[in-house]
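> What follows is a predicted protein model with its sequence.
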Amino acid sequence: MEFQLTFHLNENIYLRDPEKSEIGKHIVKSAIDLIYDLGFEHFTFKKLAVEIHTTEATIYRYFENKHKLLLYILNWYWSYMEFLLVFKLQNVEDKKVKLKTIVELLTHELPESSGQLDYNKKFLNHIVISESSKVYLVKEVSEYNKNEVFKPYKDLCAKIAGAITAYDPEYAYPYSLSSTLIETAHHQQFFCQFLPKLTDVNPQNKSEFTSDFLTDLLFKVLH
């Protein structure tokens, strides 16, 4: 049986909710695949329209531009990550184990998806690592923020900050540390693959390097 997780995402991101039609879901799913293949810079609505045998006008009925489409994809991903975090931690009592579980989630690829209707989680993971900063390192960031379009990211940070505070109530910077963990996970995974001399990775520890590094950093900061 195929299934697709759905989340209620901010209406300011899209013109028409893609979750409410098959073509809308197909646009998002195919955009994920194409951005993974081409990179965001080379991705266009024209190329996406050719890929899914539709018109650019159809895509523009759902999204104002490709930046808003990327923002939608990332919001879906952050909502999914929060869902996974809550699921994985629901039966974990040990506060240190909770933090280690969070680091594991942030530093390992998500499993590939098999269902035709499901978004490819492996591709999503790669897009987030390489493209996520492009949705907030823009001049319009303050305007976007007023519309709460970064709420799923903030909610995930808040969940992680809560686990940090539970482990070390005296630590003064749980939100800063939580966002640092997320962004560092992205940077180190990217550097390990493409710019390894910016890291201490070696062939023997490549798969676990980012996890090991963040775990070491986290528990040297906390008491």
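Structure received. Numbering: from 1, shown residues only.
> use CA for all of it now, contacts and neighbours both
Noted.
> so Ala158 touches Tyr175, yeah?
Yes. Counting by CA atoms under 8 Å, Ala158 sits close enough to Tyr175 to count as a contact (6.6 Å).
> Which positions within the lowest-mean-pLDDT helix or strand in the chain qualify as buried?
Lowest mean confidence among the helices and strands of the chain (mean pLDDT, DSSP states H and E): helix 141-146, at a mean of 81. Neighbour counts using 16 or more other CA atoms under 10 Å place Tyr144 of helix 141-146 among the buried residues.
> following that helix, which helix or strand comes up?
Past helix 141-146, heading to the C-terminal end, the next element that is a helix or strand (DSSP states H and E) is helix 151-167.
> continuing past that next one, what's the next helix or strand?
The helix or strand immediately downstream of helix 151-167 is helix 174-194, counting by DSSP H and E.
> Not counting that following helix itself, show me its contacts.
When contacts are defined by CA atoms under 8 Å, 6 or more residues apart in numbering, helix 174-194 is touched by residues 103, 106-107, 128-130, 157-158, 160-162, 164-165, 197-199, 201, 206, 210-211, 214.
> quick one: the helices in this structure?
Counting by DSSP state H, the chain forms helices over residues 22-38, 45-52, 56-60, 66-89, 95-107, 121-131, 141-146, 151-167, 174-194, 209-221, given from the N-terminal end onward.
> Could I get the buried residue list for stretch 86-100?
Buried residues in stretch 86-100, defined by neighbour count with 16+ other CA under 10 Å: 89, 95-96, 98-100.
> Quick check: closest non-adjacent residue to Gly24.
Excluding its sequence neighbours, the residue lying closest to Gly24 (CA to CA, 6 or more residues apart in numbering) is Pro18, at 3.8 Å.
> For the least confident helix or strand of the chain, list the C-alpha coordinates in CSV.
Output for helix 141-146, consisting of C-alpha atoms alone and laid out as CSV, is shown next (Å, rounded to 0.1, in the frame of the first residue of the first chain):
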residue,chain,number,x,y,z
VAL,A,141,14.0,37.1,4.8
SER,A,142,12.4,39.6,7.2
GLU,A,143,9.2,39.8,5.0
TYR,A,144,9.1,36.0,4.8
ASN,A,145,9.6,35.7,8.5
LYS,A,146,6.6,38.0,9.3
